[in-house]
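Colleague: Fold the following.
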Amino acid sequence: MTVKRKKKGGFSSGRTVTIAFSLCLLAVVTMIGMYSVGKSDQQQKELEQKVAEAEEEAKAREQARAEADAREAQEEAEEEQQEEAAQEAASGSASRDKEGEALADAKSTEGQETAAIDGAELESEFAEADPDPSGTGETVILDEAQEAASADAVSEEPELSFSAETDHLLWPVAGNVIMDYSMDKTVYFTTLDQYKYNPAIIIQGSLDENVMSAAPGKITKIETLEETGMTVTMDIGDGYEIIYGQLKELPVKEGDYLKAGETVGYVSEPTRYYTKEGCNVYFEVRKDGESIDPMALLQ
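Modeller: Below you'll find the predicted structure:
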């Protein structure tokens, strides 16, 4: 009887240890899951804050550039006004000199009365030849030239400039990178179930989410591709281009200029190449036609 009770007690003790170990393991897994979720939320908030800061910085740069352009335009206008005033004064002086010479010649040849008549005739002829002896006719010509120059300035395309050393790109959407840029080795594409090179980063997005312009630029191409769906190519200057894919309902057309932060399009349903990855934005950066890592330029 004593032997049986000892065996029964050993089995009960082992079962208690097993249950305790299972509970500890479950607690560890729960803590790890809570830590991972908390860390993911913190990363999302940090990314959204960086996007907001980048937008404010881009707006500040645009405002500073606009103020500089306004000051330059005002200085040019003042210089043009000074030149016009000088030309008007010179024209009026020349007209008065011609009138004086004509009257003096008339008086010396035909006497006081004839000179007065001839002077009137000369004055009349001069008025017909130059209906505006004060020089306003020349001012009209200058005004027309100025308006033409202003029209040319308006139609002139904005100058695009981008430097990897001094400039940065905005995130087109505030999402996690679900597939990194990789051109030195292949990466796994879940939907395709194969490994291949990736010339872009794939950023997680939500259906109908606004996709922002990462930098000031000109829309050079809009096309629909099998892999990336509706795709927009933007020239941002100095050989740099940005390609946005997986878009829909574009509010832009080829030839349009966008400022940083303006809407390029909206997140579409993924193409059949990315069905398992879900809604996303294809974001590629090229320099002189060659793909480069966008992460090195994003803020």
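
Colleague: C-alpha only now, for contacts and for neighbours.
Modeller: OK.

Colleague: Quick one: mean pLDDT over stretch 244-253.
Modeller: For stretch 244-253, mean pLDDT rounds to 97.

Colleague: and what of stretch 83-101?
Modeller: The model assigns stretch 83-101 a mean pLDDT of 64.

Colleague: do the same with stretch 46-64
Modeller: Rounded mean pLDDT across stretch 46-64 is 79.

Colleague: can you list the residues that contact it?
Modeller: Stretch 46-64 has contacts (CA atoms under 8 Å, 6 or more residues apart in numbering) with 170, 171, 174, 175, 260, 261, 299.

Colleague: likewise stretch 189-209?
Modeller: Residues outside stretch 189-209 that contact it (CA under 8 Å, 6+ apart) are 173-188, 266-269, 272-285, 291-294.

Colleague: hang on, the earlier thing: pull out the buried members of the contacts of stretch 46-64.
Modeller: Among those, those buried by neighbour count (16 or more other CA atoms under 10 Å) are 170, 171, 174, 175, 260, 261.

Colleague: For the fifth one, give me the pLDDT.
Modeller: Going back to what we said before, that points to residue 260. At residue 260, pLDDT is 96.

Colleague: sorry, back to before: which of the contacts of stretch 189-209 count as buried?
Modeller: For these, buried by 16+ other CA under 10 Å: 173-175, 179-182, 187, 266-269, 273-274, 277-285, 291-294.

Colleague: The residues you listed in strands, which ones?
Modeller: Applying DSSP state E to those, the entries found in strands are 179, 182, 187, 266-267, 280-285, 291-292.

Colleague: Switch those over to CSV; also include distance to residue 25 and pLDDT.
Modeller: Conversion of these to CSV gives the following (distance: CA to CA, whole Å; pLDDT from 0 to 100):
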residue, distance to residue 25, pLDDT
179, 32, 96
182, 38, 96
187, 34, 95
266, 45, 98
267, 41, 98
280, 36, 98
281, 39, 98
282, 40, 98
283, 41, 98
284, 44, 98
285, 46, 98
291, 47, 97
292, 45, 97
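
Colleague: Surely residue 220 is in a strand?
Modeller: Yes. Counting by DSSP: H, G, I helix; E, B strand; the rest coil, residue 220 is part of a strand.

Colleague: can you pull the contacts of it?
Modeller: 232, 233, 234, 235, 254, 255.

Colleague: rerun at 10 Å
Modeller: 232, 233, 234, 235, 241, 253, 254, 255, 256, 257 (CA atoms under 10 Å, 6 or more residues apart in numbering).

Colleague: where's the third one, which helix or strand?
Modeller: According to DSSP states H and E, residue 234 maps onto strand 229-237.

Colleague: for that strand, packing partners?
Modeller: Using 3 or more CA pairs under 10 Å, 6 or more residues apart in numbering; DSSP states H and E, the elements in contact with strand 229-237 are strand 217-225, strand 240-248, strand 257-258, strand 263-267, strand 280-287.

Colleague: out of these, nearest to residue 43?
Modeller: Closest to residue 43 of these is strand 280-287 (CA to CA; 18.1 Å).

Colleague: May I have that closest one exported as CSV, CA atoms only?
Modeller: The C-alpha coordinates for strand 280-287 follow below in CSV (Å, rounded to 0.1, in the frame of the first residue of the first chain):
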residue,chain,number,x,y,z
ASN,A,280,0.2,49.1,-51.9
VAL,A,281,2.1,51.8,-53.7
TYR,A,282,4.9,50.9,-56.1
PHE,A,283,7.6,53.6,-55.6
GLU,A,284,10.7,53.6,-57.8
VAL,A,285,13.4,56.3,-58.2
ARG,A,286,15.7,56.5,-61.2
LYS,A,287,18.9,58.5,-61.9
